[in-house]
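S.K.: after the sequence you'll find the predicted model.
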4 protein chains.
Amino acid sequence: MSDDPRLGARPPRRVSRELRPEGTVVDLGRGVLLGGPEVAVMAGPCAVEGRTQILEIAEAVRAAGATVLRGGAFKPRTSPYSFQGLGVRGLELLAEARAATGMPVVTEAVDTESVPIVAEHADMIQVGARNMQNFGLLRRVGRTGKPVLLKRGMGATIDELLLAAEYFLAEGSEAVALCERGVRGFDPAAPHLLDLNAIPLLRTLTHLPLVADPSHGTGVRAHVAPMARAAVAAGADGIIVEVHTNPSEARSDGAQSIYPGQLRELVSECGAVARAVGRSLAPPRSAPAAVAGP
Amino acid sequence: MSDDPRLGARPPRRVSRELRPEGTVVDLGRGVLLGGPEVAVMAGPCAVEGRTQILEIAEAVRAAGATVLRGGAFKPRTSPYSFQGLGVRGLELLAEARAATGMPVVTEAVDTESVPIVAEHADMIQVGARNMQNFGLLRRVGRTGKPVLLKRGMGATIDELLLAAEYFLAEGSEAVALCERGVRGFDPAAPHLLDLNAIPLLRTLTHLPLVADPSHGTGVRAHVAPMARAAVAAGADGIIVEVHTNPSEARSDGAQSIYPGQLRELVSECGAVARAVGRSLAPPRSAPAAVAGP
Amino acid sequence: MSDDPRLGARPPRRVSRELRPEGTVVDLGRGVLLGGPEVAVMAGPCAVEGRTQILEIAEAVRAAGATVLRGGAFKPRTSPYSFQGLGVRGLELLAEARAATGMPVVTEAVDTESVPIVAEHADMIQVGARNMQNFGLLRRVGRTGKPVLLKRGMGATIDELLLAAEYFLAEGSEAVALCERGVRGFDPAAPHLLDLNAIPLLRTLTHLPLVADPSHGTGVRAHVAPMARAAVAAGADGIIVEVHTNPSEARSDGAQSIYPGQLRELVSECGAVARAVGRSLAPPRSAPAAVAGP
Amino acid sequence: MSDDPRLGARPPRRVSRELRPEGTVVDLGRGVLLGGPEVAVMAGPCAVEGRTQILEIAEAVRAAGATVLRGGAFKPRTSPYSFQGLGVRGLELLAEARAATGMPVVTEAVDTESVPIVAEHADMIQVGARNMQNFGLLRRVGRTGKPVLLKRGMGATIDELLLAAEYFLAEGSEAVALCERGVRGFDPAAPHLLDLNAIPLLRTLTHLPLVADPSHGTGVRAHVAPMARAAVAAGADGIIVEVHTNPSEARSDGAQSIYPGQLRELVSECGAVARAVGRSLAPPRSAPAAVAGP
């Protein structure tokens, strides 16, 4: 069903840049801001697979210079037979990784039922591409007041993305960041098409911070770093990348996960690009006290 | 997140045609079968707007030869400020229209909370394009055991559609029909691109009945009838079209809604095409007894 | 380079339906009309490969009920190392096949140099999808005055197709038919997406006859017949299909070529669908006199 | 017509990176190299419109730091009624602008007939997106031995682009650069979709230098600079942008042409990004002697 312009045209959209030309800054806690002068690197595994895995990767991405930890506890899976995530146990492990590394945590909510428990453990709730127009979920997440990372659907227009974000703002939640993560392309050799032009285009349309996901946006490990740099050059406020210490054993998204060593290089390069465009990367989290001992 | 082929590859998919080469027939009740030799025409307004409107349109589409009544009570809307449907009151009106016309009713469930009440009133539950990968909703609908009409997402591949349907079958629900309703195209003059080749392609891949929606698939009233005929010629088991007695006043989808008189012609033409390909249209519902009086 | 609307807006386009609401009929000679009440089936091999091959296939498609013979003598090939066609020898063989079967011939011109020799042998000159915006070729073909079959580019909008056709009309050539042959789609399982909605859409915009190519439009032998039927149901004035007596040995397009026996069924089915929509197929060519002897 | 893998598979492609892992450097003359450590900025008007216009813009882009002059003399136009370029007169004016500024010139050849005269005046011959699969033109341009800038078609896959480039190499011409200029996207608000991921992807597949065109790739003046920076960050060897001193009066592409002052900023920013990724911009051309007087 398309929307009736007679009704949709008013009231004015709360996401519009004209309402807040200076832009919105989203506070993730622990000193991490999204949408200010500093560019944030969000990194971590596709899915939380176990305690050792998430703690090891969390520390690796912290040491590599990431400032936000990503990781899925509830996973939306194309097939009902795929690994669906550790659920609440995954959330608890993410909280433990946050305590160990000092990094705020972004993780996905996949249905209204799990929103409260996700909100309890996460610093930022991700709404994934497949749920961008799951309006009940948008409303429920909006009511938590938690910062939100809203990913663009693979077949969604920019206007649909903005109207989906409007659902949060209509619930009174203003701490929303939008994430370009690749749209459908016609080339079988590159079915994920990272639409970086969405960054400058969205910048003119909305005051919300903008994030790019070069992992899902390319689907290929070797292309993650160049497209992360490109996203920062195009003006992204943050990038979100999948990292795994053992990608070939990852239970999902192995082919697009980079190694911690590659993340370190990516952070260094993105920092240089950020400075080239008059910004800087958010400073890395300091090493946890526990590891500083004798 | 993409899916791990190591896990997704097994067990064999329940939607596969090889498991049931003769095809699945979905029984909507009141003598209407989907997937048998007869082609079903499903018609009605985009949204239930009021008692007079739905009863008038229901009788008009029955008289025009439709065999299933469609109509939205809960509406997923791109904008939070658009008309969201009459909700439970809309369901009750649909049930009243069914009683009056003898047509089984298909209507959409948009979130897990409303699934039970939709299941109580509907003969077939629609899962819309925007919710095709709302996996929690798929599971919840699957558990009702009600027949399902699953619409393909606008940016969804055929494989994703089949895996979404697999969610229902994994819950034990086998009465599922798939609906092609137009995918994203690159031509601004025709952004809706009805992918009719999906009909013969899906026919080789799955045993589930196949429906086409030329209203959303074209977005233009004048193209609904030719594409409905084309869908029947391509082998569709059913078509679903939006009809309104006063499209210019419709609260949604007015531009693609056809008039009852146009539906009558469409039914006649689709009947001729159905016979040309060795099938027939499901016979029209008889006029309600109440109107048969002196 | 996009086009300057200040210049492109005038004079009014010669392709516009409003200039000739009754539609244009293209006369291919030998009694075959395109755009009248009869639907034409154009069939033949992708490429002329040799004398025996083309004469055998030509007779087979005639006997199966096709009314126009298609076949490539000059082939535009994505790779410089692929078979490029028999060239002038191929044209001569097509002329021989026409003499033997009574079917007018449509074949492609791929560059300005070969236009005169193609025009000499062909009844209709095809401009292929890759050359839809090869404006020098369009002009040169237009100057021959021969009927033209203009195929839509795989990434071309409807408006670009119409403006390409305008190049012919601007040269004074009015015998132009437009051919939908599949556009780029995002699904790796079906990269060819036959946009049948282009048929009713173009019908409202232009007076030129409309053809559909379900062979290139689907790329899969099993889908050619259902989509040919669908094209006729949607209102196409003609369909063009690839046929080969030995597809597995075809030097190009084997996977989408149908067998002569399949063409016979397709003709029968399309005839039934044509009658269902108030038209008929062009009558088959009679068997050549030579074969009628004792 | 698709290509027969039996024939297309061999001989090995000359464009493959494995044949020349160190990459190809294309020498445009006057000290400008494409594909070496330095990133080249190519700039100029969409079309040469007159002597004053081209000399003024050429000097402006030189002063702003561009190293190659672009400008169309022969223009491929979607509509036959649009401005088609000044032709040979345009080529002569480009040669005059080269003499005045010291910048090598890249300009388009649109048909085989004009290739010799374009080759005589240009330092690099552009083959435009609409002609990417105009194989006769590719062959004819290849035989000139001139450096070539091959633009990707709007609906062309990466593999088709590489095979089109193969046509030049098969003619013995190795001085070929590939240009990403935006593909078809499904969002009416951004129908041009600059596929920057093509840069790292092509880097792994071919040894040819890679250029990005953010003017056609975005279609919007304000997005040219951010996407130019992004292209350099992604690893492009050059960028090509449209510049006009009076865009609102430009005879084509006004809406996407930037002002000389914007080019100056773009050059400065791209230089900073180039250094951030370990490269540098090609040094600007010195001011012509004539202007160096007292």
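M.R.: Now that the structure is in, tell me what you want to look at.
S.K.: C-alpha from now on. contacts and neighbour counts both.
M.R.: Fine.
S.K.: residue boundaries of the helices in the stretch 1-150 of chain A?
M.R.: Applying DSSP state H, counting those that start in this stretch to the stretch 1-150 of chain A gives helices spanning A:5-8, A:51-64, A:88-101, A:115-121, A:135-144.
S.K.: to chain B, which of these lies closest?
M.R.: Proximity to chain B (C-alpha to the nearest C-alpha) singles out helix A:5-8 among these, at 5.3 Å.
S.K.: mean confidence score for that closest one?
M.R.: Averaging pLDDT along helix A:5-8 yields 39.
S.K.: for stretch A:152-164, same thing?
M.R.: In the prediction, stretch A:152-164 has an average pLDDT of 97.
S.K.: worst average pLDDT in the helices of the stretch 1-150 of chain A?
M.R.: helix A:5-8 (a mean of 39).
S.K.: which stretches of chain A have low pLDDT?
M.R.: A:1-11, A:289-294 (pLDDT under 70).
S.K.: mind naming the longest strand for it?
M.R.: Counting residues, the longest strand in chain A under DSSP state E turns out to be strand A:38-44.
S.K.: adding mean neighbour count, write the helices of the stretch 1-150 of chain A out as CSV.
M.R.: CSV is the format used below for those (neighbours: other C-alpha atoms under 10 Å in any protein chain shown):
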stretch, mean neighbour count
helix A:5-8, 14
helix A:51-64, 22
helix A:88-101, 20
helix A:115-121, 18
helix A:135-144, 22
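S.K.: give me the neighbour count for A:Glu249.
M.R.: Residues near A:Glu249, counting by other C-alpha atoms under 10 Å in any protein chain shown, number 10.
S.K.: so which bits of chain A are right by chain D?
M.R.: Within chain A, the positions lying close to chain D (C-alpha under 8 Å from any C-alpha of the partner chain) are A:155-159, A:185-189, A:193-197, A:200-201, A:218, A:223, A:226-227, A:229-235, A:269, A:272-273, A:276-277.
S.K.: in strands only, show me the residues you listed.
M.R.: Those of those lying in strands (DSSP E): A:Leu193.
S.K.: count of neighbours near A:Gly172?
M.R.: Residues near A:Gly172, counting by other C-alpha under 10 Å: 15.
S.K.: dump the helices of the stretch 1-150 of chain A to JSON lines, plus distance to C:Thr101.
M.R.: Listed next are these as JSON lines, based on distance: least, C-alpha to C-alpha, whole Å:
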{"stretch": "helix A:5-8", "distance to C:Thr101": "58"}
{"stretch": "helix A:51-64", "distance to C:Thr101": "73"}
{"stretch": "helix A:88-101", "distance to C:Thr101": "73"}
{"stretch": "helix A:115-121", "distance to C:Thr101": "71"}
{"stretch": "helix A:135-144", "distance to C:Thr101": "62"}
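S.K.: which positions in the stretch 101-250 of chain A make contact with chain B?
M.R.: So far as C-alpha under 8 Å from any C-alpha goes, the stretch 101-250 of chain A lies against chain B at A:110-111, A:130-131, A:133-136, A:154-156, A:160, A:163-164, A:166-167, A:170, A:184, A:216.
S.K.: now the residue nearest to A:Thr101 when sequence neighbours are not counted: how far from A:Gly31?
M.R.: Spatial nearest neighbour of A:Thr101, chain neighbours left out: A:Pro288 (5.7 Å); criterion: C-alpha to C-alpha, 6 or more residues apart in numbering or on different chains. Relative to A:Gly31, A:Pro288 is positioned 15 Å away (C-alpha to C-alpha, to the nearest Å).
S.K.: who's in contact with the closest residue to chain C within chain A?
M.R.: Nearest residue of chain A to chain C: A:Phe186, at 4.2 Å (C-alpha to the nearest C-alpha). The contact partners of A:Phe186, by C-alpha atoms under 8 Å, 6 or more residues apart in numbering or on different chains, come to C:184-188, C:191, D:155, D:157.
S.K.: ends of stretch A:116-133, what's the gap?
M.R.: End-to-end distance (C-alpha to C-alpha), stretch A:116-133: 20 Å.
S.K.: run through who's touching it.
M.R.: A:28-29, A:76, A:88, A:91-92, A:94-95, A:104-110, A:137-138, A:141, A:144, A:146-154, A:161, A:164, A:181, B:78, B:130-131, B:133-134.
S.K.: buried subset of these?
M.R.: Among the contacts of stretch A:116-133, those buried by neighbour count (16 or more other C-alpha atoms under 10 Å in any protein chain shown) are A:28, A:76, A:91-92, A:94-95, A:104-110, A:137-138, A:141, A:144, A:146-154, A:161, A:164, A:181, B:78, B:130-131, B:133-134.
S.K.: give me the number of residues near the one residue in the stretch 101-250 of chain A that gets nearest to chain B?
M.R.: Going by C-alpha to the nearest C-alpha, chain B is nearest to A:Gly155 of the stretch 101-250 of chain A, at 4.1 Å. Look at A:Gly155: counted by other C-alpha under 10 Å, it has 24 neighbours.
S.K.: state the distance from the residue lying closest to it once chain neighbours are set aside to D:Gly238.
M.R.: Leaving aside its chain neighbours, A:Gly155 sits nearest to B:Gly155 (4.1 Å; criterion: C-alpha to C-alpha, 6+ apart). Look at B:Gly155 and D:Gly238: by C-alpha to C-alpha, they are 33 Å apart.
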